[in-house]
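A.B. asks: quick check, what structure comes out for this input:
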Amino acid sequence: MAAILKNFKLSTFPTGIKLILSLLIVLSLPIISIADTRISTASGGDWNSTSTWVGGLIPLAGDDVVIATSGTGAVTVDGLQTCVNLTIKSSGRLIIIGTNTLNVTGTVQMPRPKSGYTSELNVDEGTLNVTGLFTMSASGGTRYANLNITSGTANLSGLTTSGAASRIIFNGNGVLNLSGDLIGTKHTLEADLGTVNFTDTSDNNIWAKTYHNLGISGSGVKTLAGNTIVTGITNIDGELNLSNHDLILSGAGNPLVVDGILRPAIGKVIYSGENEQNVAGIPYSNLSFTGSGTKILAAGTLVFVGQDLAIDSPTLLEDDASIEVVRDMIGEGTLEMENGVLSIGRSNLRTGIFIPGSSTVQYSRPGTQTVRAVEYFNLNLTESGDKTIAQGEQIIINNDLDVSSPLIIPANTSLDIRGNLTGTADVILDEAVLTIEGDWKNTGNFVSGNSTVRYAGKGDQIVAGQDYYNLEIVEGGIKSLDDDALVRNVLNIGADTELNLDNHDLILSGSGIPLVNNGEFSPAASTVRYTNSSETEIAAVNYYNLDATGGPRKLAETDTIGVSGTFTPGAGDYKTINSTVSFNGFDQTIPPFTFYHVILMGGGEKFIDSVVNVKSLKLKNGSMLKVNYDEGAKIIVID
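C.D. replies: All right, here's what the predicted structure looks like:
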C-alpha cells in the first residue's frame, strides 16, 4: 500500500476523482497503530464495560487510560487488562479486584490532587505490573495519593514520591516489589502485615520506614537510608549495607534471615521483640537485645560482634552457641549459657545476672581488662595485658581458670576456683584470698603479696611449689607438694586433711607460730626449715629433716616433735620447757643440744658424739644408744 501511495499524484486526476481517492486513503490509515486515551466516567464501573468510559470505548492494550471518577465512583479491573500509560486524577479510584491483573507497559501518574481530595490505586487480591515509572505527586496537606495493597502484589519498576501525602498503605499481607530508581523518602508507609521487597540489580537506598516484612534481593547493594524498623521478618537474599544506621527487629521467631550478605559497617542490629526471638549467626558491628522477649542463640550458632554488645533482654545461648565481642558488653538483662564460649575483647560492663552453665568466658583483649565479679564455669584470660578482678569483689569459678595473661587479684578480693588453675602467665595477689579445689598447674610466676592461698578440694590435690604468704590446707584428702615451697607467714593444716611433702623442702619464714596443724603432716623424705630471725615456735609434728637455724626458737610444749632424719638446731636461743622430741627414724645421730624430754625409738642405732643435755630420756622399740665417750660425748641429765 505504501508503494502504491508513493506513486499516486492526485493533481493528475479530475476534482471528483480526487475526493474519492482521498477518502480511500483516509479509510486505509487504521492499519497504522495510534494510541488513544480512554477516560473513565465520574461513576466508573467494570473495566470491560462500555458504560465505564467516555465515548463508550473500552481501552485496548495500546491505549492510555485516565481514571477520572469522583465521589464513590471507581473503575474495577476484572480479568487480565493491559494499557500503556495510566493516570489517576484528583479523586480517581482504580481497584484491581479478585485475583485479576493489570499490566501497565508505560508509566503510572498520580498527580497532586485538589485540596481535600484523594486519588487511589487499590490492589486487592490481584496483581499490578508497571514497566515504567510510578509517580505519586501528592506532597502534603489534605491532598492524598494512595497506593493501597490488601493481599495482592504490586510490581513496580521505579517509584517517585513527593512527600508524606504520597501514601503506600497495606491493609493485609500484600506484597510490594520495587526495582529501578526510587526517588523520594518522605512518603508514608503503613506496613500492616505487608511485605516490601527491594529487588533491583542496581544499588538502591532502603527507605527509613517501619516495615512488617522487608526483603532484600537482586545483585545491587541495598543501603539503609536511616534507622529502619521491621516488625515481621527481614529476609536478605542479596546484599544489605547498614551504613551507620539501626536495623530494629521486633518480630517473633526468626526476624532476620540471611542467605545473602549483611554488611554491618558501623550500624547496629537491635532485636527488640516482646516475644522469643532467634538471633541470626552472622557478623554484626553493634548488636543490641531489648524488649521482654528472650533472645535465643540456637545450638551451633556463632555470633561475631565487631564493636559493642548490649544485653537488656533475657538471653539464652543454647548448647555450644557462642559469642565473640570485640569491644564492650553492657546491659541489665539476664545472660544464660549452656556450654558455649563468650569472648570479651574489652570491658564487661554488664550489670545483669549471668548464669554460666558449663560455658567458657574468655577475656581476650591484648591490653588491660577488668574481670567482672560473677560466677563462671570456665574462665580464660588470654592475650597480653593485665587482667584484674575488681577490688573488694568475689569471683567463683565452678571449673577451671586458665591464666594465659597476667592476673591481678587486689586487696580484699577473693577468687574461688573449683577446678584447676592452668596457663603460663603470672598470678599476682595483694592481700587477697585465692581458693583452689583442683590442682595448681599454672607455670607462670606467682607473687603472693600478703595473700592467703587455700587448697580446699574434697579429695586429693597437688600443692604447687610456690612462694606463699599464708597457705591453708583444708577440707580433707591428701594434698601433695610438687616442688619446694616457701610460706612467709602461716601454714595451716585443717582437720581430716593431710599435707604430704614428698621429698621437697618446706621453708617456714614466719615468726611466732608459722605452722598450725589440726590434720596430718606427712614429711616423707623432706626437709622443713624454720628461717625467721625472730623467735619462732617449732610445731609438734613429724619431720624427716628439721632445720631450725637462723634465730631463737621455742619447742612446742604440748604433743611430740618427731624427727626421723636429722635435726639441725642452729645456734639461736631455745625455749624447751615441757617439750618432747622423738627421734623415730632408723640409725640417727643426736645433735648437741639441751632437750627437755627425749624419746629414742624407731630401731637402729642412736649415736651421740657430743654433749647432750636432757631432762629425761627414754629408749623404745629396740633402738640402741651409742655414746662416743672416747671423743668426749656424754649425756647430762638436768634438773
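
A.B. asks: can you show me the helices along the stretch 351-500 of the chain?
C.D. replies: Shown for the stretch 351-500 of the chain, no helices are assigned by DSSP state H, counting those that start in this stretch.

A.B. asks: tally of neighbours for Val433?
C.D. replies: Using other Cβ atoms under 10 Å, Val433 has 18 other residues around it. Bear in mind the C-beta positions are built from the backbone N, C-alpha and C, glycine included.

A.B. asks: show me what contacts the nearest residue to it once chain neighbours are set aside?
C.D. replies: In this structure, Val433 finds its nearest non-sequential neighbour in Ser414, 4.3 Å apart by Cβ to Cβ, 6 or more residues apart in numbering. The neighbourhood of Ser414, defined by Cβ atoms under 8 Å, 6 or more residues apart in numbering, consists of Glu393, Gln394, Ile395, Ala432, Val433, Leu434, Thr435.

A.B. asks: what separates Ser414 from Ser404, distance-wise?
C.D. replies: To Ser404, Ser414 is 22 Å away according to Cβ to Cβ, to the nearest Å.

A.B. asks: now swap in Gly238 and tell me
C.D. replies: Computed as Cβ to Cβ, the Gly238 to Ser404 distance reads 42 Å.

A.B. asks: who's more crowded, the two?
C.D. replies: Gly238 (22 against 19).

A.B. asks: from memory the more buried one sits against Ile206, does it?
C.D. replies: No - Gly238 is beyond contact range of Ile206, at 11.0 Å (criterion: Cβ atoms under 8 Å).

A.B. asks: give the residues shared as contacts by those two.
C.D. replies: Counting by Cβ under 8 Å, 6+ apart, the shared contacts of Gly238 and Ile206 are Phe198, Ile216, Lys222.

A.B. asks: turn the residues you listed into TSV, including pLDDT and distance to Asp639.
C.D. replies: Below are the shared contacts of Gly238 and Ile206 laid out as TSV (pLDDT from 0 to 100; distance: Cβ to Cβ, whole Å):
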residue	pLDDT	distance to Asp639
Phe198	98	108
Ile216	98	103
Lys222	97	104
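
A.B. asks: can you read off the pLDDT for the residue nearest to Val433?
C.D. replies: Per-residue confidence (pLDDT) for Ser414: 97.

A.B. asks: swap in the one 5 residues further on?
C.D. replies: At Gly419 the predicted local confidence, pLDDT, stands at 97.

A.B. asks: was I right about it contacting Asn398?
C.D. replies: Yes - between Gly419 and Asn398 there is a contact under Cβ under 8 Å: 7.3 Å.

A.B. asks: list the buried residues in stretch 370-387.
C.D. replies: Of all the residues in stretch 370-387, those buried under the rule 16 or more other Cβ atoms under 10 Å are 370-374, 376-383, 385-387.

A.B. asks: also stretch 546-555?
C.D. replies: Neighbour counts using 16+ other Cβ under 10 Å place Leu546, Asp547, Ala548, Gly550, Gly551, Pro552, Arg553, Lys554, Leu555 of stretch 546-555 among the buried residues.

A.B. asks: check contacts around Thr231.
C.D. replies: Applying Cβ under 8 Å, 6+ apart, we find Thr231 in contact with Ala191, Thr210, Tyr211, His212, Ser250, Gly251.

A.B. asks: pLDDT below threshold where in the stretch 351-500 of the chain?
C.D. replies: For the stretch 351-500 of the chain, no stretch is flagged by pLDDT under 70.

A.B. asks: tell me where this structure has helices.
C.D. replies: Ranges of helices in the chain, per DSSP state H, are 2-7, 15-28.

A.B. asks: rank the ones you listed by pLDDT, which is bottom?
C.D. replies: Of all these, helix 2-7 carries the lowest average pLDDT, namely a mean of 39.

A.B. asks: re the thing from before, of the contacts of Thr231, select the buried ones using a ChimeraX command.
C.D. replies: Here is the ChimeraX command that selects the buried residues among the contacts of Thr231 (16+ other Cβ under 10 Å):
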select :191,210,211,212,250,251
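
A.B. asks: list the contacts for Leu309?
C.D. replies: Contacts of Leu309 by Cβ under 8 Å, 6+ apart are Asn286, Leu287, Ser288, Ile323, Val325, Asp328, Met329, Ile330, Gly331.

A.B. asks: and Glu631, what pLDDT?
C.D. replies: 89.

A.B. asks: buried set for stretch 334-351?
C.D. replies: 334-348, 350.

A.B. asks: same check on stretch 427-437?
C.D. replies: Using 16+ other Cβ under 10 Å as the test for burial, stretch 427-437 gives Val427, Ile428, Leu429, Asp430, Ala432, Val433, Leu434, Thr435, Ile436, Glu437.

A.B. asks: show me which pair in those is furthest apart.
C.D. replies: Asp430 and Glu437 (22.0 Å; Cβ to Cβ).

A.B. asks: I'd assumed Leu317 was in contact with Gly300.
C.D. replies: No - assessed by Cβ under 8 Å, Gly300 is found out of contact with Leu317, at 10.9 Å.

A.B. asks: with neighbour numbers in mind, choose between the two.
C.D. replies: Neighbour tally, Gly300 and Leu317, criterion other Cβ under 10 Å: the higher count belongs to Leu317, 26 against 12.

A.B. asks: contact partners for that one?
C.D. replies: Leu297, Thr301, Ile323, Leu335, Glu336, Met337, Glu338, Gly340, Leu342, Ser359.

A.B. asks: try Leu147
C.D. replies: Applying Cβ under 8 Å, 6+ apart to Leu147 gives the contacts Met110, Glu120, Leu121, Val123, Phe134, Met136, Ala154, Arg167, Ile168, Ile169, Leu176.

A.B. asks: what's opposite the last one in the beta bridge?
C.D. replies: This means Leu176. Note on Leu176: beta-bridge partners by DSSP bridges are Ala154, Val196.

A.B. asks: ok, it to Ile395 distance?
C.D. replies: Leu176 sits 54 Å away from Ile395, going by Cβ to Cβ.

A.B. asks: what is the burial count for Asp259?
C.D. replies: Neighbour count for Asp259, taken as other Cβ under 10 Å: 9.

A.B. asks: list the contacts for the nearest residue to it once chain neighbours are set aside?
C.D. replies: Spatial nearest neighbour of Asp259, chain neighbours left out: Asp237 (5.3 Å); criterion: Cβ to Cβ, 6+ apart. Each residue near Asp237 by Cβ under 8 Å, 6+ apart is listed here: Gly215, Ile216, Ser217, Asp259, Gly260.

A.B. asks: distance of the closest residue to Asp609 other than its chain neighbours from Leu471?
C.D. replies: Closest residue to Asp609 apart from its sequence neighbours, by Cβ to Cβ, 6+ apart: Asn628 at 4.1 Å. According to Cβ to Cβ, Asn628 and Leu471 sit 41 Å apart.
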